[in-house]
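**Q** Build me a structure from this.
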Amino acid sequence: MTPLAASDRPALRVFYIGAGDPVAPRSGMDVVARAHIGELAASSAVALTGVFATLPADTPSPAFGGVTGYRADTKTPSKARKLAHLISGKLLMSIGFVSTPARRAIRTGLAAGPDLIVVDHIQALANVSMWRLVLGRTPFVFIAHNVTPDTLVDGARLRKSRLSALFLRIEAVQAWLIEALLLRRAARTVFISDSDARHYRGLTGAKGVALCPVIERSAQASDCLPVPQDIERDQRRVLFIGSPGFPPNRAAIDWITRALAPALLALDTPAIVTFIGKGTREHIGPPAANVETLGFVADDEMERLLGTCLCMLSPVVHGSGLKIKMLEAFAAGAPVMATPLSLQGFEFMGVEALLDLDRPEAAARHILAFAQDPAAVEAARTQVRERWAAHSQRREGALVDTLIDARAARTR
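**A** Residues are numbered from 1 along each chain as shown. Presented below is the predicted three-dimensional model:
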């Protein structure tokens, strides 16, 4: 039987297609996918099923919120497989999520005739034909996580190999064509950043909507308070969260270690620059006196660190889309010091952009003043919590409402 919504109307049968791991998030797309699936699964107005493909592993395939996960076929696709992927018109960047079982499950799910399809991230197209979506009768909603062509072009600038940079630029053109077609044909497009929605307004018109996700806080983290001897050290930490395996993060890490950390040391700032993320220890090497590398930390520990730190840094000047580590920092009530690019999409938080990569000494003085004024730190935390709570309240139910509107628009 079809479940009934609160209005006694049949719930909207939504088939979700995604990529990443919403069960044990490791990346930004994982975090956002978890938020979206959780929001839809919690609504009585939606009957949710679907498929997400996640990276290969020895552990069983995960499932979350009524959506079934499938492991990708291989960690190391062959050249022949890559060529076949490209010839099929798919982005090479999505090949890591190709899953034969996921493709079969998606075909079965679409054949069942859902009311609406949700495609969460362009990489979800690894396992479904774009033409099946744009030419099919079932309306679909596309969730855009960033401006993919801009991300690829920016990545090309950070590549040392000219051939690799050239390929990324060609892939950027392909991504633009794919996104343009999706945006034009989608019943609705959901952007997780208002700046991305403005960027694509010419293609979406009134069908584009910006919905910054609301992520859940861990119940365990709020109970996991630091032991007394750690509190003072935690409150001196200036956090950077991100792996150097992602080129924009690597550029940010290099700026912190080569410019900001020495400037803080010169001012005798009572702060510890703390790096969190896989590969940070190997990339940074022997740290300076005011630098520490924690490597990968569990979600609960990261939330605890965000809840007690002096502030979080985001000196990111490359890439596009919403910066998910900023999302996590705001959700945890952490003050942030960031570049204008890092704050795009978070205008509702009212945070001033205080990081200018050409002026590391000025950034160091801001951090010194912050470290010397505990009252200012607590006031900043209170402001973040209040504004995030207001955003969460405004955002409640908005994704579900967007899907209902998308379906209604196609039946008028």
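
**Q** Would you mind checking which helix or strand in the protein has the lowest mean pLDDT?
**A** Here the helix or strand of the chain ranked lowest by mean pLDDT, DSSP states H and E is helix 219-223, holding a mean of 45.

**Q** number of nearby residues for the nearest residue to Gly89 once chain neighbours are set aside?
**A** Setting aside the residues directly before and after it, Gly89 is nearest to Met130 in space (C-beta to C-beta, 6 or more residues apart in numbering), at 6.9 Å. Every C-beta, even on glycine, is put in place using the N, C-alpha and C of the backbone. Using other C-beta atoms under 10 Å, Met130 has 17 neighbouring residues.

**Q** next structured bit after the lengthiest helix in the chain?
**A** Using DSSP state H, we find that the single longest helix of the chain is helix 162-185. Remark: after helix 162-185, the chain's next helix or strand is strand 188-191, criterion DSSP states H and E.

**Q** Packing partners of that next one?
**A** strand 140-144, strand 208-210, helix 398-411 (3 or more C-beta pairs under 8 Å, 6 or more residues apart in numbering; DSSP states H and E).

**Q** mean confidence score for the longest one?
**A** The one in question is helix 398-411. On average, the pLDDT along helix 398-411 is 91.

**Q** Mind giving me the packing neighbours of it?
**A** Against helix 398-411 (3+ C-beta pairs under 8 Å, 6+ apart) you get strand 12-19, helix 28-41, strand 116-120, strand 140-144, strand 188-191.

**Q** cool, the first one as well?
**A** Helices and strands touching strand 140-144, as assessed by 3+ C-beta pairs under 8 Å, 6+ apart, comprise strand 116-120, helix 162-185, strand 188-191, helix 398-411.

**Q** any idea of the angle it forms with helix 398-411?
**A** 140 degrees (axes from the mean of the first three to the mean of the last three C-alpha atoms, to 10 degrees).

**Q** Show me the strands paired with strand 140-144, marking each as parallel or antiparallel.
**A** When pairing is defined by DSSP bridges, strand 140-144 lines up against strand 116-120 (parallel), strand 188-191 (parallel).

**Q** Using CSV, list the CA coordinates for the helix or strand just after the longest one.
**A** Going down the chain from strand 116-120, the next helix or strand is helix 130-135, by DSSP H and E. Backbone C-alpha positions of helix 130-135 (Å, rounded to 0.1, in the frame of the first residue of the first chain) are rendered in CSV as follows:
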residue,chain,number,x,y,z
MET,A,130,21.2,11.3,-18.7
TRP,A,131,19.0,10.8,-21.7
ARG,A,132,16.7,8.5,-19.7
LEU,A,133,16.2,11.4,-17.4
VAL,A,134,15.8,14.3,-19.9
LEU,A,135,13.7,12.4,-22.4
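
**Q** about what we covered before: and the average pLDDT for the longest helix of the chain is what?
**A** 94.

**Q** now the helices for the stretch 301-412 of the chain?
**A** Listed in chain order, the helices of the stretch 301-412 of the chain (DSSP state H, counting those that start in this stretch) span 324-331, 360-371, 374-395, 398-411.

**Q** Which stretch among these is buried most, on average?
**A** Of all the helices of the stretch 301-412 of the chain, helix 324-331 has the most neighbours on average by mean count of other C-beta atoms under 10 Å, namely a mean of 24.

**Q** circling back to that earlier point, distance to Gly202 added to the helices and strands packed on strand 188-191, as TSV?
**A** Output for the helices and strands packed on strand 188-191, formatted as TSV (distance: least, C-beta to C-beta, whole Å):
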stretch	distance to Gly202
strand 140-144	14
strand 208-210	10
helix 398-411	20
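
**Q** Compare those and give me the one nearest Leu267.
**A** Relative to Leu267, the nearest member of those by C-beta to C-beta is strand 208-210, separated by 39.2 Å.

**Q** Name every strand pairing with the closest one and say which way it goes.
**A** Strand 208-210 has these strand partners (DSSP bridges): strand 188-191 (parallel).

**Q** related to what we said a few turns ago, next helix or strand past the least confident helix or strand of the chain?
**A** helix 228-234.
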